[in-house]
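**Student:** got a predicted structure here, sequence first:
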Amino acid sequence: MSMSDPLGDMLTRIRNGQAVQKETIACPWSRFRESVCQVLQDEGFIRGYKMQDLEGNKKDLVIELKYVEGAPVIRELKRVSKPGRRVYTKVQDLQPFHNGLGVTVVSTPRGVMTDHSARSANVGGEVLCQVY
C-alpha cells in the first residue's frame with residue numbers, strides 16, 4: 001500500500017521521536033525527504049542524517065534528533081501544504097515565520113530551501129512545512 005503523504009509521515013516521526021526523547025528515528029528514504037533533512041540540518045534543527053541500506057534494495061533515512069539541556073530543539077513542526085490542499089506562494093508573499101526565529105521550508109524550481117534563501121534567490125514555490 002502506498003503512502004499518501006510521505007513528507008507528513010517523516011515530520012510526524014520526528015515529532016513523535018522528540019516527544020519520547022529518542023536519539024535517532026528511521027523513515028523510508030527518498031531524495032525529497034533527504035533534501036528536507038538537509039535544510040533542517042543546515043538550519044540547526046536536527047543533528048544530522050544518514051542513509052542506511054536495507055535488504056531488498058531498499059534504503060532508510062536515519063535522522064539524529066537534537067536536544068538542548070534535555071529539551072527538543074524543534075518546538076513546533078507543522079505541515080502546511082498537504083495532498084488534499086496544496087499551498088503555493090509567490091516570493092513577495094513569503095513572510096518570516098516567528099519573526100525570523102522559525103523557518104518555512106519551500107520547494108522551489110531550484111530545489112528545497114528555506115524562506116530566506118528563496119527570498120534571496122527571488123523564487124516562490126510550494127510551502128512544505130514550518131519549523132520553530
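**Tutor:** Sure, I can see it.
**Student:** quick one, strands of this protein?
**Tutor:** Along the chain, counting by DSSP state E, strands occupy 24-28, 46-54, 58-65, 67-68, 71-72, 77-79, 88-89, 103-108, 111-114, 125-131.
**Student:** low-confidence ranges in this protein?
**Tutor:** 1-2 (pLDDT under 70).
**Student:** and the strands of the chain, which is most packed in?
**Tutor:** Comparing these by mean neighbour count (mean count of other CB atoms under 10 Å), strand 103-108 comes out on top with a mean of 23. From N, CA and C alone the C-beta is placed, and that goes for glycine too.
**Student:** which one in the protein is furthest away from the centre?
**Tutor:** Distance from the C-alpha centroid of the chain peaks at Gly56, with 26.5 Å (CA atoms, centre = their mean).
**Student:** which parts of the lengthiest helix in the chain are buried?
**Tutor:** Taking DSSP state H as the assignment, the helix of the chain that covers the most residues is helix 6-19. For helix 6-19, the neighbour count (16 or more other CB atoms under 10 Å) marks Leu7, Gly8, Met10, Leu11, Arg13, Ile14, Arg15, Gly17, Gln18 as buried.
**Student:** separation between Cys27 and Met10?
**Tutor:** Using CB to CB, to the nearest Å, Cys27 is found at 5 Å from Met10.
**Student:** kindly report the same for Ala19.
**Tutor:** In terms of CB to CB, Ala19 sits 15 Å off from Met10.
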